[in-house]
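J.: below is the sequence, then the predicted model.
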Amino acid sequence: MIKINRNYLKLPENYLFSEVAKRTQEFEKHNPQTDLIKLSIGDVSRPLPSVVVKAMKRACAEMGQSKTFRGYGPELGYPWLRQAIANFYQQFKVQLDPDEIVISDGAKSDLSNLLDIFDTALTVAMCNPVYPVYLDTNLMLGHKVQFFSANIANNFLPLPNEQITADIIYLCNPANPTGVCYQRAQLKQWVDFAREHQAVIIYDAAYTCFIQDADLPRSIYEIDGARECAVEVGSLSKMAGFTGVRCGYTIIPKNLRTADAVSLLQLWRRRQTTKFNGVSYIVQRGAAAVFTPAGLKAVQQNLDYYQRNVRLICQTLDQLHWSYVGGEHSPYVWVRCPGARTAWECFDFLLKQTGIVCTPGSGFGSAGENYVRLTGFNSYTKTRAACRRLLTLNKKMH
Ligand code: MLT
């Protein structure tokens, strides 16, 4: 008899962004005349920097010549890419051994796959609202989940409390979905808490590229003690437009060990070499080009472009007197639904009245009810059009 993993039956029917896509398609079917503007999933719209494209083309040509052709690469990533990432972290005064960096096909896979190296009877703690991948992947494995709430009372930046007894604590900074960012001293509280309780922090750094203020931490390893308790997951998706190319990395410090001295890095390497054959040579060459001076300059231009969109969204919300947080160091703006609508009601309302697709906050957890998330990842032209449409709602929403 076929036996399934019954934990899957406890999940919502669809992954949040699949549900948004499904409802959007349904709307499009019945309203083909509506020109939709998607400010929903955090998917980039700027093309890859030309320096990245050139590097990938060169790599492609190498693959077509017998002298330079390559088969399986090193499963953990080519040394030159790991070195390039280690060098990149030096600007934040973070010293990494390239051996502590493991290249992957993106943060989403790593955030989920990391659970393989931990006990099956696990308790995890995460924010509510939260990036649904953390929750769904833990539910799939039947783990116990504790939540700490991000709300107006704590400025959407929850700090550790003694109710948290988890083995693993997820932190995303700047946060998805709220777009807010911890100060160094606040992050230090989490690091101290994790060390004191012998917990591991899984730190999702996918959005750190949006931090403009040098006083804010760009890596958890800027915080004293983090090397003893934190795993950092990085991504080139939002930073360099790799959502469709796929490349990310996980950093596990060599001295991050369990109480009985087992190295987490050792286990992760064992997991990856067994279950993963590495990211393609072509993609890794493109990724390495991101970390060159020309690559970083081009990447920054794209980030500035998205940040201009986010500023426009925030200005529009100010004009509408809608309350929101985020947007300053993030592509995301977390908007309180006007008119006391639920998140899905607000989603439907915006879709029908303006053709704007947002992400309903309740999809990120119960604390996201009455909120929606907007992103600055669309083109400037479309973002501007969306803002104009929003302004026409001024009267209708209240
Ligand atoms: C989001 O929109 O929250 C993310 O971009 C989705 C993802 O990265 O998987």
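T.: Structure received.
J.: skipping its backbone neighbours, what lies nearest the residue of the chain found nearest the ligand in space?
T.: Nearest residue of the chain to the ligand, counting by Cβ to the nearest ligand atom: residue 42, 2.9 Å away. Every residue, glycine included, has its C-beta placed from N, CA and C. In this structure, residue 42 finds its nearest non-sequential neighbour in residue 375, 5.3 Å apart by Cβ to Cβ, 6 or more residues apart in numbering.
J.: before we move on, what about residue 117?
T.: residue 267 (4.1 Å).
J.: quick one: that neighbour is in a strand?
T.: No. Going by DSSP: H, G, I helix; E, B strand; the rest coil, the assignment for residue 267 is helix, not a strand.
J.: could I get the full set of helices for the protein?
T.: Using DSSP state H, the helices found in the chain span residues 16-30, 50-63, 79-90, 107-113, 132-140, 184-196, 237-240, 264-275, 281-290, 293-320, 343-354, 380-391.
J.: okay, those in TSV with mean neighbour count next?
T.: Supplementary listing: the helices of the chain in TSV, determined by neighbours: other Cβ atoms under 10 Å:
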stretch	mean neighbour count
helix 16-30	14
helix 50-63	17
helix 79-90	18
helix 107-113	20
helix 132-140	19
helix 184-196	17
helix 237-240	24
helix 264-275	16
helix 281-290	24
helix 293-320	17
helix 343-354	19
helix 380-391	18
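J.: so which of these is nearest residue 162?
T.: Nearest to residue 162, of all those, is helix 184-196, at 9.2 Å by Cβ to Cβ.
J.: one step back: which pLDDT value goes with the residue of the chain closest to the ligand?
T.: The model reports residue 42 with a pLDDT of 96.
J.: so how far is residue 332 from it?
T.: Residue 42 sits 7 Å away from residue 332, going by Cβ to Cβ, to the nearest Å.
J.: and for the two, which residues touch both?
T.: 176, 375 (Cβ atoms under 8 Å, 6 or more residues apart in numbering).
J.: quick one, which of these two is more surrounded?
T.: residue 332 (28 against 23; other Cβ atoms under 10 Å).
J.: contact residues of the protein facing the ligand?
T.: 41, 42, 108, 131, 176 (Cβ under 6 Å from any ligand atom).
J.: just checking, the first one touches residue 20?
T.: So that's residue 41. Yes. Between residue 41 and residue 20 there is a contact at 6.9 Å, judged by Cβ atoms under 8 Å.
J.: mutual contacts of those two, please.
T.: Shared contacts of residue 41 and residue 20, counting by Cβ under 8 Å, 6+ apart, come down to residue 359.
J.: and the residues of the chain next to the ligand as JSON lines, adding distance to residue 287?
T.: Output for the residues of the chain next to the ligand, formatted as JSON lines (distance: Cβ to Cβ, whole Å):
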{"residue": "41", "distance to residue 287": "22"}
{"residue": "42", "distance to residue 287": "19"}
{"residue": "108", "distance to residue 287": "16"}
{"residue": "131", "distance to residue 287": "22"}
{"residue": "176", "distance to residue 287": "22"}
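J.: residue 389: which of those is nearest?
T.: For those, the nearest to residue 389 is residue 41 (19.2 Å; Cβ to Cβ).
J.: residues in contact with the closest residue to that closest one other than its chain neighbours?
T.: Nearest non-adjacent residue to residue 41, counting by Cβ to Cβ, 6+ apart: residue 17, 4.8 Å away. By Cβ under 8 Å, 6+ apart, the contact set of residue 17 is 40, 41, 359.
J.: got a pLDDT number for the residue positioned nearest the centre of the chain?
T.: In the chain, the centroid-proximal residue (Cα atoms, centre = their mean) is residue 206; its distance is 4.3 Å. Looking at residue 206, its pLDDT is 98.
J.: if I look at it, how far off is residue 111?
T.: Residue 206 is 9 Å from residue 111, by Cβ to Cβ.
J.: joint contacts of the two?
T.: With Cβ under 8 Å, 6+ apart as the test, residue 206 and residue 111 both reach residue 233.
J.: nearest to residue 98, of the helices of the chain?
T.: helix 79-90 (3.8 Å).
J.: how many neighbours does the closest residue to residue 61 other than its chain neighbours have?
T.: Using Cβ to Cβ, 6+ apart and skipping the chain neighbours, the partner closest in space to residue 61 is residue 68 (8.0 Å). Residue 68: 12 surrounding residues under other Cβ under 10 Å.
J.: how about the one 5 residues further on?
T.: Using other Cβ under 10 Å as the criterion, residue 73 is surrounded by 16 other residues.
J.: residues in contact with it?
T.: 278, 279, 280, 281, 284.
J.: make a markdown table out of those and add distance to residue 221 and pLDDT.
T.: Below are the contacts of residue 73 laid out as a markdown table (distance: Cβ to Cβ, whole Å; pLDDT from 0 to 100):
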| residue | distance to residue 221 | pLDDT |
| --- | --- | --- |
| 278 | 24 | 96 |
| 279 | 23 | 98 |
| 280 | 28 | 98 |
| 281 | 28 | 98 |
| 284 | 23 | 98 |
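J.: before we move on, back to that, so who does the residue lying closest to the residue nearest to the centre of the chain once chain neighbours are set aside touch?
T.: Among residues not flanking residue 206 along the chain, residue 235 sits closest, at 4.2 Å (Cβ to Cβ, 6+ apart). Residue 235 sits next to 106, 107, 205, 206, 242, 247, 248, 249 when contact means Cβ under 8 Å, 6+ apart.
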